[in-house]
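I'd like to go over a predicted model; first the sequence, then the structure.
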Amino acid sequence: MGPEPIPPRLDTEEPKKCSLTPLRPRRDPPPRLIRVHHGDPGEGGGGTPPHPAGAPLSAADAGRPLLLVDSSWRDLPRVLRGVRGRLHLRSLPPGLRSAYPRRSSSFPDPLAGLASVEALHAACALLGRRDDSLLDGYHWREAWLEANSGLLRA
């Protein structure tokens, strides 16, 4: 599958809405889920979270675990502030389009935001380890692959 995904899940987020939940039964390895409470420190330092403010993801990042944050976009800064250790922020290519139908009646969603499983799939592809089986339980699999076919070559 590629680098070990470590998704901190904010305690207010529902597990059934997490796009990584279908990966739990995998043996190669399944994501190691970390619960994060608002304001409390959490594990994950040394990890590589996909983040728009980071340098582009490259082969040099392949040895670190991916830190995939399961939270709303407005909560992301608070979750990352609570992670112990150094984070290696890395950006995914511009132009990736989420297939996940985001809806918020309170806050606007960022145009470049991705579902966690989309970010994992894209990062693995960029690191030379594309694995479409990561999307097996993802309802919007085909829409994601079709919308991003030019950026996610095998």
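Thanks, I have it.

strand partners of the longest strand seen in the chain, parallel vs antiparallel please.
The single longest strand within the chain, with elements called by DSSP state E, is strand 50-56. Sheet pairing for strand 50-56, assigned by DSSP bridges, gives strand 90-91 (parallel).

The next helix or strand after the partner strand packs against which elements?
Remark: after strand 90-91, the chain's next helix or strand is helix 116-126, criterion DSSP states H and E. Applying 3 or more CB pairs under 8 Å, 6 or more residues apart in numbering; DSSP states H and E, one finds that helix 116-126 makes contact with strand 50-56, strand 66-67. Where you see a C-beta, it was placed from the backbone N, CA and C, and this is true even at glycine.

So for the shortest one, mean pLDDT?
The average pLDDT for strand 66-67 rounds to 79.

does Arg78 count as helix, strand or coil?
helix (DSSP: H, G, I helix; E, B strand; the rest coil).

And it, what's its pLDDT?
On pLDDT, Arg78 comes in at 75.

same check, this time on Ser104
We have a pLDDT of 60 for Ser104.

likewise Ala62?
85.

tally of neighbours for it?
16 (other CB atoms under 10 Å).

so how far is Glu146 from it?
Applying CB to CB, to the nearest Å, the value for Ala62 to Glu146 is 27 Å.
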